[in-house]
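Asker: Next input, structure requested:
(2 chains, ligands or ions: 1)
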Amino acid sequence: MSEADPDTTTGRSGRGPVTDVAGPAGPADSADRGRGADQALDREQGPDRGESAERGTSVPQGTRAASAAGAGPAGEGGPAGFGLAGWARWFWRTLTSMRTALILLFLFALASIPGSIWPQRGVSDAKVAQYFTDSPQLAEWLDRFWLFDVFKAPWFAAIYLLLFLSLIGCVLPRTTAHLRELRRKPPAAPRNLSRLPQHASFEADLTVEAAAARLRSRRFRVTTGPGWVAAEKGYLRETGNLLFHVALLGLLVAVGVGALYGYRGNVLVVEGDGFSNTVAAYDRYMPGQQVSAESLEPFSFTVGDFRATYIAQGEKAGQPLDFEAALKVTDAPGARERDYVLKVNEPLDVNGTLTYLIDHGYAPTFKITDGSGQVAFDGPVPCLVVQPSTFTSECVIKVPDAKPEQLGLLVGFLPTTVPAGDEWVSVFPGAANPTAQVYGAFAGDLGLNDGRPQSVYEIEPERLKKMKPLLMKADPLAVGKKLDLPGGAGSIEFTGVKEWVALQIAYDPGRMPALVASVVAVVGLVLSLTVHRRRVWVRIRDAAASPEGPDGAPAEDGRPEGVRRQIEVGGLTRTEGGDLSEEFAEIVAALNPGVKDAR
Amino acid sequence: MPAEVDPGLATLSDQLILATVLLYVFAMIGYALDLAFGRPRARARAEAVPALAAVGGGAAPESASGTDASEGDARRTAPSAWALWAGPAGVVLSWLGWAANLGSILTRGLAVDRWPWGNMYEFVVAMCLAAVSAFLFMQLRYRIRFLGAFVMVTAALGLGFAVRYLHVQAGPVVPALNSYWVAIHVSAAIIASGLFIVAGVSGVLYLVRKDTAVRLPSRQDLERVAHRAIVIGFPIWTFAVIAGALWADKAWGRYWGWDPKEIWAFITWIAYAAYLHARATAGWKGRAAMIVQLVAFACLLFNLVGVNIFLGGLHSYAEVPG
Ligand code: HEM
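Answerer: You can find the predicted model right below:
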């Protein structure tokens, strides 16, 4: 997982399975030479190698990734030594190796694919149920493998827990190594600077101290020796890299905290009604394991007017433009009521508990008088939307209090009614000409007392068969109109139109930590991708005493008088993909003001 | 939110997009002629080296000999005068196309008075602009004209597809999309996608190119272009995903819920991260790294097209005309 300097990891010598150098081999060749030199240097400095050896050998032989990467140091196929400790050591090393982390990360991605293919419980429950009715056998098998609960599946958890461990194992040693590295001085200059990928030589009046000062002013970390200066820069790369990985860990923790200590719930509220944030008030309540019912933020609100605006004319007529619900919010018992306009994208925030507007529909109001002349029902009936473009809706009215027999009614609601043949349809989602059409009225036992929970939005077909049909398909009623049920069973009056809103209320203590972690991750990532670790050495000899210098620049006329010394400069990047040439030219120019372009 | 649409501007936008397609096609022809009859690649590449490669002084002897060899080449197949103009003509035409593309997006945005990426059509058009911009701006700094023909043909096909299959009348968006997050989240997704397209085009070319095809850009050049585009695109993509999560927190009541689009954004992210890691730490080069890159690109395309068509989800912009 972690992004080490290439030279401290395996695969340094292998350049990938395909090495195609078609055409002039210039650049590739010299880059290779650079790498060779780099490697040679690192072999000289012991400490750098420690980590690489550990990481290199921890990879079991024959790992696909290992062979594809062109094979680093040969892995020892299994644990070194026998016994439990040996195996444990081998397991830990394998788990915390970068390849394992990468493979786990891949698996993590692969494992989430089924979650996008099959409907997931908690996201689209209706579709899951549909799947079970459509193909029960297949669904049962899928369910056995948690394919409707991918993100709660044990195998999914196994992957991310391993990844978590692997990240920890990767990050800890690297952090200590980096802290050590930060305090270490750049390594001494190698003997032959001209073998480095970047080099220049010239004569100038330059002392070790002056060279060191100039490099320091370019924010290099500098150390000097007799006749040489060594400078290094770009430690931020590894810092960024570590930040990134730590932030990923933080993100996982934040998500976990949110899942344990947060909760979510849904509730449907009709205009004029209220909600107070208690477990009992929810239609559906999904708490994390560590949430207690008392810890719910004690706010409450009433829903006033809900307004939906639609495009009235033209090709896009009926497309919604805006939804808003006027709330009166009480943040805590006894607090002053305040107004809040709830909109899509603008949740109500009460101390970190957020209320979202997620859906809406119509709740026509009815007054139902039973056979004995009593008002058995009077109020709004939330209807389900069957056609979102026109808000054609279906409502079910259950009247358990009706005498002599209970009543059940199926009603269609059309917000903007126009006749179409001998039918009526809705042509617009706004309530311009609302009507309610009784499709069916039934008398008999609604079965509400048999202990099984029932949906308020439907009467089971089985149940309907047992009831006595009173009437089928009446003409639509306008607001204020009444329909008498046959046989003296009573009457139904369509008294008005209200709307309902579906709200989601969510509390997630991991939100902010997750945000911070992801921002840190991005910063770390950018650093680790853009900064390159680079080293520059300067060697200074008295001109007379240095006959060597293979491509030493010929002396120029008009150079400033002074002590002439033979200066050699060499540089390299220690990380893949870094382009040092421009910076190197600048450095050379800074060291040798007499010459414009050292190249 | 105003529901009025300025029909004049909307029509202008539609006309500009047609002009864009034409200009891109002409630009592609220019670039293609340049590839086929212009200066042979080998030499142009040797010149490109200082700009693109990670080499400086040390390369002198080798690249000098390389230049010599290709200069011999160049003498043998000296291009005719008109062929020398094909490349610059391609560049000029593609900048014109770029301007028309930009104009089309601006006029549409003005016509509806909102950010002009509220549906699949607008999103794809903006992505094509992003891809062409990525190419043109990279071209200002690096010599990557060799890629022109391929980027142009991709952009022209993308726009053609958008005009033919995705076009919807200019109009206001549904309330879910009426948020300043459109500017942040979607713009970032578009820019990153544009860069990934350039990388993807290079990757495909890399894999189909034969060793004998001397006139095509060299594998090394293609690899460098792809890598640069991804190094820039990846953090932007990361940002787009995070901004998406922030928006989801405002719009859907959770910052991450494994919606199909989220899942595939995540997979795409992992795949590009894997590419960068493979290069940076395992030292993968060449074919293997390119294949990882193209797998990532395939995930990207699947997220843009496949998820909207096959998987659905909460992203309401995904509606395409039936
Ligand atoms: C990275 C791949 C993604 C792409 C290419 C993408 C693209 C888009 C586009 C084009 C829109 C529509 C805006 C408009 O048309 O004006 C949008 C909206 C949105 N995106 Fe993404 N998105 C991606 C990932 C995500 C992720 C990972 C999240 C959440 C974690 C997210 C959350 C949202 C939200 C909340 C909206 C607006 C609400 C809606 O469309 O109903 N997106 N995105």
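Asker: Residue ranges in the stretch 51-200 of chain A under the pLDDT threshold?
Answerer: A:51-82, A:98 (pLDDT under 70).
Asker: Could you tell me which residues of it lie near chain B?
Answerer: A:65, A:68-70, A:98-99, A:102, A:105-106, A:108-110, A:112-113, A:115-117, A:120, A:123, A:150-151, A:196-200 (C-beta under 8 Å from any C-beta of the partner chain). Glycine gets a C-beta too; all of them are placed from N, C-alpha and C.
Asker: for the residue lying closest to B:Pro7 once chain neighbours are set aside, what are its contacts?
Answerer: Spatial nearest neighbour of B:Pro7, chain neighbours left out: B:Ala111 (7.6 Å); criterion: C-beta to C-beta, 6 or more residues apart in numbering or on different chains. Contact analysis of B:Ala111 by C-beta atoms under 8 Å, 6 or more residues apart in numbering or on different chains lists B:5-10, B:12-13, B:170.
Asker: Neighbour-wise, give me the winner out of these.
Answerer: Using other C-beta atoms under 10 Å in any protein chain shown as the neighbour test, the contacts of B:Ala111 are led by B:Ala170, with 26 neighbours.
Asker: ok, which stretches of the stretch 201-322 of chain B are helices?
Answerer: B:219-251, B:260-280, B:286-301 (DSSP state H, counting those that start in this stretch).
Asker: now these in a markdown table, with distance to A:His245 and mean pLDDT?
Answerer: Below are these laid out as a markdown table (distance: least, C-beta to C-beta, whole Å; pLDDT from 0 to 100):
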| stretch | distance to A:His245 | mean pLDDT |
| --- | --- | --- |
| helix B:219-251 | 14 | 90 |
| helix B:260-280 | 12 | 87 |
| helix B:286-301 | 20 | 91 |
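Asker: Could you save those helices as JSON lines and add columns showing distance to A:Gln313?
Answerer: As requested, the helices of the stretch 201-322 of chain B are exported to JSON lines (distance: least, C-beta to C-beta, whole Å):
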{"stretch": "helix B:219-251", "distance to A:Gln313": "28"}
{"stretch": "helix B:260-280", "distance to A:Gln313": "32"}
{"stretch": "helix B:286-301", "distance to A:Gln313": "37"}
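Asker: What parts of the stretch 1-150 of chain B come near the ligand?
Answerer: B:117-119, B:123 (C-beta under 6 Å from any ligand atom).
Asker: for chain B, which residue is closest to the average position?
Answerer: B:Ala131 (2.5 Å; C-alpha atoms, centre = their mean).
Asker: tell me the SS of that residue?
Answerer: Put simply, B:Ala131 is helix when judged by DSSP: H, G, I helix; E, B strand; the rest coil.
Asker: Can you check the pLDDT for the most centrally placed residue in chain A?
Answerer: Residue closest to the average C-alpha location in chain A (C-alpha atoms, centre = their mean): A:Ser518, at 8.6 Å. A:Ser518 carries a pLDDT value of 90.
Asker: likewise A:Glu44?
Answerer: 31.
Asker: Tell me who's in contact with B:Ile29.
Answerer: B:Gly90.
Asker: Distance of the residue of the stretch 151-300 of chain B found nearest the ligand relative to chain A?
Answerer: Residue nearest to the ligand within the stretch 151-300 of chain B (C-beta to the nearest ligand atom): B:Gly244, separated by 2.7 Å. To chain A, B:Gly244 is 11 Å away according to C-beta to the nearest C-beta, to the nearest Å.
Asker: That residue contacts B:His185, correct?
Answerer: Yes - the pair B:Gly244 / B:His185 is scored as a contact, 5.0 Å apart, by C-beta atoms under 8 Å.
Asker: the helices in chain A, which residues?
Answerer: Along chain A, counting by DSSP state H, helices occupy A:26-44, A:46-57, A:64-68, A:83-96, A:98-117, A:125-134, A:136-144, A:154-183, A:208-217, A:236-261, A:461-466, A:511-530, A:581-591.
Asker: Can you check which of those gets nearest to the ligand?
Answerer: Of all the helices of chain A, helix A:511-530 comes closest under C-beta to the nearest ligand atom, at 10.6 Å.
Asker: Following the chain past the helix-or-strand element of chain B with minimal mean pLDDT, name the next helix or strand.
Answerer: In chain B, the helix or strand scored least confidently by mean pLDDT, DSSP states H and E is helix B:60-76, which has a mean of 40. Next in sequence after helix B:60-76, counting helices and strands by DSSP states H and E, comes helix B:81-112.
Asker: So, low pLDDT: which residues of chain B?
Answerer: Scanning chain B for pLDDT under 70 picks out B:1-3, B:39-79, B:213-214, B:281-283, B:311-322.
Asker: again with chain A
Answerer: A:1-82, A:98, A:543-563, A:575-578, A:593-599.
Asker: Just give me the neighbour total for residue 124.
Answerer: Picking chain A for this. 18.
Asker: Wait, chain B was what I had in mind.
Answerer: 23.
Asker: For it, which three-state class applies?
Answerer: Quick answer, by three-state DSSP: B:Val124 is helix.
Asker: For the nearest residue to it once chain neighbours are set aside, what are phi and psi?
Answerer: Once flanking residues are discounted, B:Val124 sits nearest to B:Ala162: 4.1 Å by C-beta to C-beta, 6+ apart. The phi and psi values for B:Ala162, taken as degrees, to the nearest 10, are phi -60, psi -50.
Asker: Mark which of the contacts of B:Ala111 are part of strands, please.
Answerer: Using DSSP state E, no member of those falls in strands.
Asker: Give me every residue in the stretch 151-300 of chain A lying close to the ligand.
Answerer: So the stretch 151-300 of chain A never meets the ligand (C-beta under 6 Å from any ligand atom).
Asker: Looking at chain A, which residue is nearest the ligand?
Answerer: For chain A, C-beta to the nearest ligand atom, closest residue to the ligand: A:Asn345, 7.8 Å.
Asker: From what I see, that residue and B:Val173 are in contact.
Answerer: No - counting by C-beta under 8 Å, A:Asn345 does not reach B:Val173; the two are 11.6 Å apart.
Asker: Going by how many neighbours each has, rank the two and give me the top one.
Answerer: Between A:Asn345 and B:Val173, B:Val173 has the larger neighbour count (other C-beta under 10 Å), namely 22 against 17.
Asker: next one: stretch A:315-327 to chain centre, how far?
Answerer: 30 Å (C-alpha atoms, centre = their mean, to the nearest Å).
Asker: Go through it and flag the buried ones.
Answerer: A:316, A:318-325, A:327 (16 or more other C-beta atoms under 10 Å in any protein chain shown).
Asker: Sitting in strands, which of those residues do you find?
Answerer: Reading strands off those with DSSP E, I get A:320-325, A:327.
Asker: What about the ligand: which of the residues you listed touch it?
Answerer: Near the ligand, by the rule C-beta under 6 Å from any ligand atom, you find none of those.
Asker: thinking again about what came up before, can you tell me which of the contacts of B:Ala111 is closest to B:Gly286?
Answerer: B:Ser13 (43.1 Å; C-beta to C-beta).
Asker: Chain B contacts on the stretch 301-450 of chain A?
Answerer: A:311-312, A:315-316, A:319-323, A:343-347, A:354, A:356, A:358.
Asker: ok so, going back, next step: the residues of the stretch 1-150 of chain B next to the ligand restricted to helices.
Answerer: Those of these lying in helices (DSSP H): B:Phe123.
Asker: if we take the residues of the stretch 1-150 of chain B next to the ligand, which one ends up nearest to B:Phe297?
Answerer: Relative to B:Phe297, the closest of these is B:Phe123; by C-beta to C-beta it sits at 17.2 Å.
Asker: Good, we can wrap up now.
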